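Visitor: Sharing a sequence plus its predicted fold:
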Amino acid sequence: MKQPEGYKWEKYPQMPHVPSEPSNPTIGRSLRLRRISPPYQLIARRAESRKQGDPAAESGRISPAMMPSASDAAAAAAALELQESGWEELRREARKLEGDLDVKLSSYARLAARSSSAADAASASSPSERSSWKSMEFEIQSLLDKLQDVNDAMSRCAASTAPTTSVSQKLARHRDILHEFAQEFRRTRGNLSSIREHADLLSSVRDDITESKATGGMSPRVHLLRERASIHGSINQIDEVIGQAQSTRVALSNQRALFGDVQGKVKQLGEKFPVIRGLLGAIKRKKSKDTIILSAVIAACTIFLIIYWLSK
């Protein structure tokens, strides 16, 4: 028989002051189900029994009134089984969603690999290809959202029960799988976006070349497009430089705030503790004294070197 959480099977003690309890017929008359009560609960029950004049509580023993009933044990076992069934159902749903995501991401990656080839680059920007990409991306994103909801439900279910190592490890594994799937989806989607942009650029270049050959020379539209592309590249480079400068500025501001906090804490410490303030003053005086002595020694050595050099 499954042992409920918070209870354990033990041999029935043969004590004359404890009345005999009904045993479980499935395990015989030599065992009984006893609840493992925390110390503070036993103390509270003993105090209540002392108020009621229970001699067993006065002697420090656990009276039958302080022990849980069979209905409490059955209710605890039923609640535990219900929580375990909910956890297993959520795990089955999570594994099903993970399998569907694996299949969808594999198809999505094959589509990206096929579209990256030179033969399919021309058809990468076609409306049918774009619609297939969009539909597949929508399906994968919806599956990721569902898996995230299931993981959140599993976290709530695990938090409502007593945490165990196996449950924590399984929950962490499901979270890692979701994170890996999300990263793979973002990477593949970025590759497909680059392929689409490359295909659009190639198609526009082909159109320009065809138009230039048809007109017998380079049209002003081609010149304008080239100028536009160069300006766009320069703007992107400037944006990158500005972004790096802003990140550096933020890092320096954070360091400045950190140093300011440290200085303020040291100042508060000195104001609160006069001994520490005096110690800091002595350290400053010692540093200034060492600086003066070192300067005097360097000056004397320099003078001696000059005198020695002049005397030669």
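Guide: Thanks, I have the structure now. Numbers count the residues shown, from 1 in each chain.

Visitor: correct me, but Val150 touches Glu93?
Guide: Yes. Val150 lies in contact with Glu93 (Cβ atoms under 8 Å); the separation is 5.4 Å. Yep, even glycine has a C-beta here, placed from its N, CA and C like the rest.

Visitor: Settle it for me: which of these two has more neighbours?
Guide: Legend: neighbour count by other Cβ atoms under 10 Å for Val150 and Glu93, higher for Val150 (22 against 16).

Visitor: Once you drop chain neighbours, what's closest to the more buried one?
Guide: Once flanking residues are discounted, Val150 sits nearest to Ala94: 4.8 Å by Cβ to Cβ, 6 or more residues apart in numbering.

Visitor: The one you found contacts Asp152, doesn't it?
Guide: No. Applying Cβ under 8 Å as the test, Ala94 and Asp152 come out as separate, 10.9 Å apart.

Visitor: Give me the common contacts of these two.
Guide: Common contacts of Ala94 and Asp152 (Cβ atoms under 8 Å, 6 or more residues apart in numbering): none found.

Visitor: Which one's more surrounded, these two?
Guide: It is Ala94, of Ala94 and Asp152, that has more neighbours when counted by other Cβ under 10 Å, with 22 against 11.

Visitor: gap between that one and Leu294?
Guide: 69 Å (Cβ to Cβ, to the nearest Å).

Visitor: same question, Asn191
Guide: Taken as Cβ to Cβ, the span from Asn191 to Leu294 is 63 Å.

Visitor: Please identify which of these two sits among more neighbours.
Guide: Asn191 (15 against 10).

Visitor: Settle this for me: that one is touching Arg114, isn't it.
Guide: No. Asn191 lies out of contact with Arg114 (Cβ under 8 Å); the separation is 11.9 Å.

Visitor: need the strands for this structure, in chain order.
Guide: Ranges of strands in the chain, per DSSP state E, are 7-11, 31-35.

Visitor: In this protein, which helix is the longest?
Guide: helix 220-272 (DSSP state H).

Visitor: Let's test this: mean pLDDT of that one, rounded?
Guide: Over the span of helix 220-272, the pLDDT mean works out to 84.

Visitor: next one: stretch 111-118
Guide: 70.

Visitor: so who does Lys170 touch?
Guide: Arg91.

Visitor: where's it relative to Asp102, distance?
Guide: To Asp102, Lys170 is 18 Å away according to Cβ to Cβ.

Visitor: likewise Arg189?
Guide: Counting by Cβ to Cβ, the gap from Arg189 to Asp102 is 16 Å.

Visitor: Looking at these two, which is more packed in?
Guide: Ranked by neighbour count (other Cβ under 10 Å), Arg189 and Asp102 place Arg189 first, with 17 against 13.

Visitor: Now that one: closest residue in space, sequence neighbours ignored.
Guide: Glu137 (6.4 Å).

Visitor: Give me the distance between that neighbour and Ala94.
Guide: From Glu137 across to Ala94, the span is 22 Å (Cβ to Cβ).

Visitor: Also Leu111?
Guide: For Leu111, the distance to Ala94 equals 26 Å [Cβ to Cβ].
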